[in-house]
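**Q** sequence below, structure please.
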Amino acid sequence: NEPKDADLKKQMKVNFKIAPKISVVVPMYNTKEKFFKDLVNCMINQTYSNWELCLADGSPKQNENLKKYIEQDERIKYKFLNENKGIAGNTNAAIEMATGEYIALLDHDDILADYALYEVVYSLNKFPNSEFLYSDEDKIDENDNRYDAYFKPDFAPDTLRCQNYICHFSVFKKELMDKLDGFRDEYNGAQDMDIILRMSEIVKPEEIYHIPKILYSWRLCTTSTAGDPESKLYAYEAGKKAVQDHIDRIGLKGTVERNKEIYGIYEAQYEINGNPLVNILVPCKNEVK
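**A** Sure thing, here's the model as predicted:
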């Protein structure tokens, strides 16, 4: 289902009517050289060229081995923060570097398909009112084997309150990201879920567009939530808080609990307003007995 080499070459020649700069923001922390090389290569290989890569590094020490990759392309911006501001703070630092009309989120050990940004811009030309876009995804192991394709539904608010099915690849209009005021420290580990829930509160459903193609590969390693959920249990507690705060903000009275058996699943028990009548319809033609 993925484009062949000839298709990719054709994509590189397309002139879009709407051709925004896309700022891909990446928070870094002790990033492995091999993963960083793959990340930079996946950006340089994009068939859509109007992009910038904004890297904010919160590592305790700067890795000089990464310099040769950063210098490969003038569209790559790098900033060493001299401190670890956490996943939310490091991401916000990367967003501050962005000059594009759209902000795309990418983790430091994950990769995009070579045609990911092309598909985003193609979708924007079809649906120019899109404020937020997301795609399907899969996983990739440390040996670059891809598996576990995840085909998502279109925007479904009740499903989103149960799990962050949107996750990757997420693209925000810059004006929308400014309204959201970035990521929040108190949701570290579930900062994506918090900001996507807040996005859904101010954007119309028809302004949320799902690209039904796998554009993002989530790296599986032992320290990631993709590889070992128990390595970051705090992330699921933060997710529970994000959902609870969300339903409180929109006026849904209820209590959110984390599913103890399935990581990343949340269950909201909503209060019933008033005493609504339930009608039960029983078709019984020729079956009165």
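**Q** all strands for this structure, in order.
**A** Using DSSP state E, the strands of the chain run over 22-28, 51-57, 76-80, 102-105, 111-112, 132-140, 146-150, 170-173, 208-219, 254-258, 266-270.
**Q** who are the packing partners of the first one?
**A** Other helices and strands packing on strand 22-28, by 3 or more Cβ pairs under 8 Å, 6 or more residues apart in numbering; DSSP states H and E, are helix 33-44, strand 51-57, helix 86-96, strand 102-105, helix 116-126. (C-beta placed from N, C-alpha, C; glycine too.)
**Q** before we move on, back to that, dump the strands of the chain to CSV, plus mean neighbour count.
**A** Below are the strands of the chain laid out as CSV (neighbours: other Cβ atoms under 10 Å):
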stretch, mean neighbour count
strand 22-28, 26
strand 51-57, 24
strand 76-80, 17
strand 102-105, 26
strand 111-112, 23
strand 132-140, 22
strand 146-150, 12
strand 170-173, 23
strand 208-219, 20
strand 254-258, 15
strand 266-270, 15
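**Q** in CSV, list those along with mean pLDDT and distance to residue 157.
**A** Output for the strands of the chain, formatted as CSV (pLDDT from 0 to 100; distance: least, Cβ to Cβ, whole Å):
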stretch, mean pLDDT, distance to residue 157
strand 22-28, 97, 25
strand 51-57, 98, 30
strand 76-80, 97, 35
strand 102-105, 98, 20
strand 111-112, 96, 26
strand 132-140, 97, 13
strand 146-150, 95, 19
strand 170-173, 98, 16
strand 208-219, 97, 10
strand 254-258, 95, 14
strand 266-270, 94, 11
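**Q** if we can go back for a sec, out of the helices and strands packed on strand 22-28, which is closest to residue 251?
**A** Closest approach to residue 251 among the helices and strands packed on strand 22-28 (Cβ to Cβ): helix 86-96, 25.9 Å.
**Q** of the helices and strands packed on strand 22-28, which is nearest residue 160?
**A** Going by Cβ to Cβ, the one of the helices and strands packed on strand 22-28 nearest residue 160 is strand 102-105, 16.1 Å.
**Q** kindly format the C-alpha coordinates of the closest one as CSV.
**A** As requested, the backbone C-alpha atoms of strand 102-105 are provided in CSV (Å, rounded to 0.1, in the frame of the first residue of the first chain):
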residue,chain,number,x,y,z
TYR,A,102,2.2,24.0,11.0
ILE,A,103,3.8,22.2,13.9
ALA,A,104,4.4,18.4,13.6
LEU,A,105,5.4,16.3,16.6
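**Q** minimum distance to residue 273: which of the helices and strands packed on strand 22-28 has it?
**A** So among those, helix 86-96 is nearest, using Cβ to Cβ, at 34.5 Å.
**Q** for residue 26, give its distance to residue 270.
**A** Using Cβ to Cβ, to the nearest Å, residue 26 is found at 37 Å from residue 270.
**Q** ugh, wrong one, residue 6
**A** Counting by Cβ to Cβ, the gap from residue 6 to residue 270 is 52 Å.
**Q** make a markdown table out of the strands of the chain and add distance to residue 91.
**A** A markdown table is the format used below for the strands of the chain (distance: least, Cβ to Cβ, whole Å):
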| stretch | distance to residue 91 |
| --- | --- |
| strand 22-28 | 4 |
| strand 51-57 | 7 |
| strand 76-80 | 12 |
| strand 102-105 | 7 |
| strand 111-112 | 17 |
| strand 132-140 | 16 |
| strand 146-150 | 22 |
| strand 170-173 | 12 |
| strand 208-219 | 16 |
| strand 254-258 | 24 |
| strand 266-270 | 22 |
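**Q** the ones you listed: which one's closest to residue 186?
**A** Closest to residue 186 of those is strand 254-258 (Cβ to Cβ; 15.5 Å).
**Q** quick one on the thing from earlier: let me have the helices and strands packed on strand 22-28 in JSON lines, extended by distance to residue 166.
**A** Putting those into JSON lines (distance: least, Cβ to Cβ, whole Å) gives the following:
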{"stretch": "helix 33-44", "distance to residue 166": "21"}
{"stretch": "strand 51-57", "distance to residue 166": "21"}
{"stretch": "helix 86-96", "distance to residue 166": "16"}
{"stretch": "strand 102-105", "distance to residue 166": "11"}
{"stretch": "helix 116-126", "distance to residue 166": "14"}
